Each structure stands twice: as C-alpha cells, then as structure tokens.
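*Asks:* build the 3D model from these lines:
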Amino acid sequence: MYKHLPRAFLRPLAAGLCALLFNAVAHAQALPEPIAKTHVIKVAVNSIYPPMEYKDPDTGELVGFDIDLGNAIAKQLGVKLEWQESAFEQLLPSLATGRVDMILSGLSDVPGRRDTADFLDYLNSGAQFYVLSSAQGGAIHQAADLCGKAVGTSRSTSFPADTAAWSAQHCAGKAPVTVVGTEDTSSARMQLKQGRIVAGVQGSETLPYAMKLEPNTYKPIGEPFATSPEGIAIAKSNPKLRDAVKAALDRLIANGTYQSIAAKWGLQSSAVQQLTMNGAK
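*Replies:* Presented below is the predicted three-dimensional model:
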C-alpha cells in the first residue's frame with residue numbers, strides 16, 4: 001500500500017514505527033515476566049479515603065486521585081490494572097503473600113512498613129488537627145489547647161500513634177490527649193459533630209476535600225504534624241516492577257500528567273516535585 005509514496009515520506013514513517021515498537025518492547029522488558037505475559041497488574045486499594053480513593057455514590061465505581069494516577073501509570077506501561085478492594089489491615093499482608101502486585105491506596109510511608117516493601121513516595125501528607133468552625137470549636141485556638149481533650153481519628157491509619165506521640169511531647173505536665181479510634185475519617189467527623197470528641201486528626205491532603213464538601217464546618221488547628229509521604233508499596237522481592245512503576249511515574253511528572261491529576265482533585269499543595277523512595281529527602 002506504500003509503494004507509490006515517495007521515499008522522503010517513507011523514511012520518517014518507518015522511523016516512527018520503529019520508535020513505537022522499541023518503546024513497547026522496552027516497557028515489556030522492564031516488567032516482571034508474569035506481568036509482561038498477562039499485561040495485568042493487581043493493585044490493592046482501600047476505597048474509603050476521599051479524594052484519594054472512594055466509591056462514586058451514583059455509579060458505585062472506584063474514583064479518586066489514586067485511581068486516576070494508577071490508570072495513567074498503567075497506560076505508560078501498556079498494561080491494565082486489576083483493582084482489588086481490601087480492608088486496610090489486609091493491604092500489606094496481601095502484598096506479602098503475592099495476592100497483589102502493589103498497593104496504591106494513600107498508604108503512609110513509615111519506617112515500620114519498609115521491612116518487606118519499598119515505597120515510591122508520590123504525595124506529601126501529614127497529620128492535621130481540626131475542629132468545628134462553630135462556637136463549639138471556639139475554645140480550641142491552638143494545638144496545645146487539646147491537652148486533656150478527646151481527639152478522634154481513624155484507627156486504621158498511623159494517626160492514633162502520631163497523636164499519642166504528639167501528646168507525650170507537647171502535653172508534658174498536663175493531662176494527655178485522649179485518642180479515640182474511629183472506623184474511618186468520616187466517623188471521626190460525625191463524632192465531632194455529635195460532641196463526643198472536641199477535635200479530629202486527618203491527613204493534610206484530604207482535609208481540604210472534606211472542608212469543600214461541607215463548607216464552613218471545619219477548621220484546621222496549627223500546622224500538620226508527624227509529616228510522612230504517601231507511597232506506592234511494592235514487595236522488596238519485586239524490584240523489576242518497582243523500577244518499571246518508578247520510571248512510569250517519572251515520565252508522568254516530567255510530561256505534566258501527574259500535575260494535572262493532582263489539580264483535578266485539589267491536591268496541588270501536596271504534589272511532589274520529584275519521586276523519592278522509602279522516605280528519602
């Protein structure tokens with residue numbers, strides 16, 4: 001079909017086809033053999049953390065920053081993602097046993113989780129105190145006012161331990177903070193409205209989303225504390241996948257796709273400038 005085309009046209013066409021073929025082969029070679037054969041990466045997700053990942057109330061579909069970012073990574077690698085919803089407590093065990101290939105679920109990269117997994121740190125986060133904007137929260141002007149008070153936060157996160165550590169450091173000589181573990185972040189906000197706690201702790205990257213959903217309801221207190229990045233977790237026994245995902249993320253940051261996804265979900269202030277690993281500065 002190309003025999004009547006001039007050579008000047010055919011040369012760049014052939015070069016372009018070769019480049020596309022080379023890139024496709026390079027991506028396939030970069031992936032572990034089982035994934036290269038199936039073109040599927042199994043991803044664990046705990047879909048209760050908007051805007052990172054949650055179920056669209058109208059469609060029941062998984063949506064959020066992590067979902068969009070994961071799909072963009074998959075496109076770069078020429079694969080599909082098989083999202084596997086999981087309880088938070090089962091995320092790391094499912095990775096360790098090989099039921100999933102990676103975790104992309106707003107998971108904090110903290111030292112205790114690095115024994116068996118490497119973390120590609122793709123978003124900045126920190127524990128953030130907040131109270132009601134109404135008069136009920138008016139007695140809390142600064143974080144120190146929380147000493148001796150009940151503070152709620154999701155028990156499935158690192159925030160209960162972070163809050164207890166903050167209390168031990170900042171409430172010396174005073175009554176400590178009473179840490180109340182809740183089912184999830186929305187449960188903490190509900191208990192705050194009910195007056196069962198006086199403040200909550202939530203990720204600094206997700207609190208703005210809650211404030212947008214319920215205008216004039218919550219206000220942050222102080223600056224984020226116990227800051228830690230969020231990372232994509234991949235088993236240490238699977239460095240080939242880790243390196244392939246890292247290369248894909250590096251490309252997404254370089255070409256602006258990552259920044260566009262962050263802006264879509266209002267996470268510009270938490271976006272990273274470049275990818276790091278295992279909490280490296």
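*Asks:* which intervals of the protein have sub-threshold pLDDT?
*Replies:* Low-confidence segments of the chain, defined by pLDDT under 70, span residues 1-29, 135-138, 281.
*Asks:* helices along that one, start to end?
*Replies:* For the chain, the helices identified by DSSP state H occupy 7-30, 33-38, 65-77, 91-96, 159-170, 185-194, 207-213, 239-254, 257-264, in order along the chain.
*Asks:* so of these, which one's packed in deepest?
*Replies:* Comparing the helices of the chain by mean neighbour count (mean count of other C-beta atoms under 10 Å), helix 65-77 ranks first with a mean of 22. For the C-beta atoms, the positions are set from N, CA and C on the backbone; glycine is no exception.
*Asks:* distance from the chain centre to that one, please.
*Replies:* The chain centroid and the centroid of helix 65-77 are separated by 12 Å under C-alpha atoms, centre = their mean, to the nearest Å.
*Asks:* kindly report the same for stretch 269-281.
*Replies:* Averaging C-alpha coordinates over stretch 269-281 and over its chain gives two centres that are 12 Å apart (C-alpha atoms, centre = their mean).
*Asks:* got the CA coordinates for that stretch in PDB?
*Replies:* Extracted as PDB, the C-alpha positions of stretch 269-281 are listed here (Å, rounded to 0.1, in the frame of the first residue of the first chain):
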ATOM      1  CA  SER A 269      -0.300  21.700  47.600                       C
ATOM      2  CA  SER A 270       0.500  18.100  48.400                       C
ATOM      3  CA  ALA A 271       2.000  17.200  45.000                       C
ATOM      4  CA  VAL A 272       5.700  16.300  44.800                       C
ATOM      5  CA  GLN A 273       8.200  17.900  42.500                       C
ATOM      6  CA  GLN A 274      10.000  14.600  42.000                       C
ATOM      7  CA  LEU A 275       9.600  11.000  43.100                       C
ATOM      8  CA  THR A 276      11.600   9.700  46.100                       C
ATOM      9  CA  MET A 277      11.700   6.200  47.700                       C
ATOM     10  CA  ASN A 278      11.400   5.000  51.300                       C
ATOM     11  CA  GLY A 279      11.200   8.400  52.900                       C
ATOM     12  CA  ALA A 280      14.400   9.800  51.300                       C
ATOM     13  CA  LYS A 281      14.700  13.500  51.400                       C
END
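*Asks:* and residue 101, how far is that from residue 248?
*Replies:* The span separating residue 101 from residue 248 equals 14 Å under the rule C-beta to C-beta, to the nearest Å.
*Asks:* same deal with residue 205?
*Replies:* Taking C-beta to C-beta as the criterion, residue 205 is separated from residue 248 by 21 Å.
*Asks:* again, but for residue 266
*Replies:* Distance from residue 266 to residue 248, by C-beta to C-beta: 24 Å.
*Asks:* before we move on, the earlier item: for residue 201, find the nearest of the helices of the chain.
*Replies:* Comparing the helices of the chain against residue 201 with C-beta to C-beta, the closest turns out to be helix 159-170 (4.7 Å).
*Asks:* got the angle for that closest one vs helix 185-194?
*Replies:* Comparing the axes of helix 159-170 and helix 185-194 via axes from the mean of the first three to the mean of the last three C-alpha atoms, to 10 degrees yields an angle of 60 degrees.
*Asks:* which residues sit against helix 159-170?
*Replies:* Contacts made with helix 159-170 from outside it, assessed by C-beta atoms under 8 Å, 6 or more residues apart in numbering, are listed as 127, 143-144, 147, 151, 153, 176-177, 179, 181, 201-203, 225-226.
*Asks:* and stretch 30-39, by the same measure?
*Replies:* Applying C-beta under 8 Å, 6+ apart, the contact partners of stretch 30-39 are 28-29, 41, 77-80, 101, 238, 240-241, 243-244, 247.
*Asks:* 6 Å - rerun?
*Replies:* Contacting residues not belonging to stretch 30-39 are listed as 28, 41, 79, 240-241, 244 [C-beta atoms under 6 Å, 6 or more residues apart in numbering].
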